[in-house]
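Peer 1: sequence? don't have it. structure:
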C-alpha cells in the first residue's frame, strides 16, 4: 500500500514538473516573440521618417518657390546620405551594440525633424533631408540584425523585418498626408508626430536586451567590409 502511494506521489510530482517545464517553455517563447515584435515596431517607427516628408514637398515648393529639378535634388541628397551611411556605418552596430546604434538613429531623426520644423529656406530643406538619409541605414542595419538575434526562427525574422520596413514606409506618408490635410500647421504637426514616435522607439529600445558584445571605442573598426559571409561562397558558386 505504501509503495502504491509513493509511486502515485512520484508520478504526480513528475507530471507537475513536466507541466511546469512546458509552461516555462511557453512563457520563454512568448517573451522572446514579444521582444522580436518590439524590435520590429522600432524599425517601423523609424522608417516612417523616410517617407513622412514626401507629401509635404508640394507645400514646400509653393512656399519656397523651387523647381521640379530642385525637388529631384532633394530626393537625391537623401539617397546620397543613405548610401554613404550604409557603406561606412552599415555594420557599426556590430561594434557599438544595437542599442547605441538605434539611439544614434533616433537622435539624428529628431534632429532632422527639428530642421524641417524650422525650415524657411531651401538650404534647410536639404539639411533636413540629408539628416533623414543618415539616420535610416543606422536603424535598418541595427534593427534587422536585432530582430534576427531576438527571434529564433530566421524565416519569421525575415518576414518581421520586411513587414516592419514596408509598414513604416507606408504609414509615414499616410500620417503625414492626413496631418497636412486636416491640421492648421501642415509643415509642423507631421514632424511633431515623428518626434513623438522616435521618442517612443527610444523607450522600447531601452527596454530590449543588448545582443552583441560591445567593443571598446579604441577597438572599433569603421573600414567598410565587402564580401560574402563565410559558408556562403560555396552555395553561391554552386550551379543551379
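Peer 2: Cool, the structure landed. Just so it is clear, the structure is predicted and the values come from calculations on it, not from any experiment.
Peer 1: How far away from the center of its chain is stretch 103-115?
Peer 2: Chain-centre distance of stretch 103-115: 13 Å, with Cα atoms, centre = their mean, to the nearest Å.
Peer 1: Give me the mean pLDDT for that stretch.
Peer 2: For stretch 103-115, the mean per-residue pLDDT is 94.
Peer 1: who touches it?
Peer 2: Stretch 103-115 has contacts (Cβ atoms under 8 Å, 6 or more residues apart in numbering) with 46, 49, 124, 127-129, 131-132, 134-136, 138-139, 142, 191-192, 194-195, 198-199, 201-202, 205. C-beta here means a position set from N, CA and C on the backbone, and glycine is covered the same way.
Peer 1: Please check these and keep the buried ones.
Peer 2: Buried subset of the contacts of stretch 103-115 (neighbour count, 16 or more other Cβ atoms under 10 Å): 46, 49, 127-129, 131-132, 134-136, 138-139, 142, 191, 194-195, 198, 201-202, 205.
Peer 1: Which members of these occur in helices, if any?
Peer 2: Counting by DSSP state H, these place 46, 49, 127-129, 131-132, 134-136, 138-139, 142, 191, 194-195, 198, 201-202, 205 in helices.
Peer 1: Quick one: the helices in the protein, in order.
Peer 2: Using DSSP H, helices in the chain cover 2-51, 57-64, 68-89, 93-96, 98-118, 122-150, 154-182, 189-207, 233-237.
Peer 1: what's in contact with the second one?
Peer 2: Applying Cβ under 8 Å, 6+ apart, the external contacts of helix 57-64 come out as 66, 71, 74, 119, 121, 122, 125, 180, 186, 187.
Peer 1: Go again with 6 Å.
Peer 2: Helix 57-64 has contacts (Cβ atoms under 6 Å, 6 or more residues apart in numbering) with 71, 122, 186.
Peer 1: list the buried ones in that helix?
Peer 2: Within helix 57-64, the residues scored as buried using 16+ other Cβ under 10 Å are 60, 61.
Peer 1: now it against helix 122-150, angle please.
Peer 2: Relative orientation of helix 57-64 and helix 122-150, computed by axes from the mean of the first three to the mean of the last three Cα atoms, to 10 degrees: 160 degrees.
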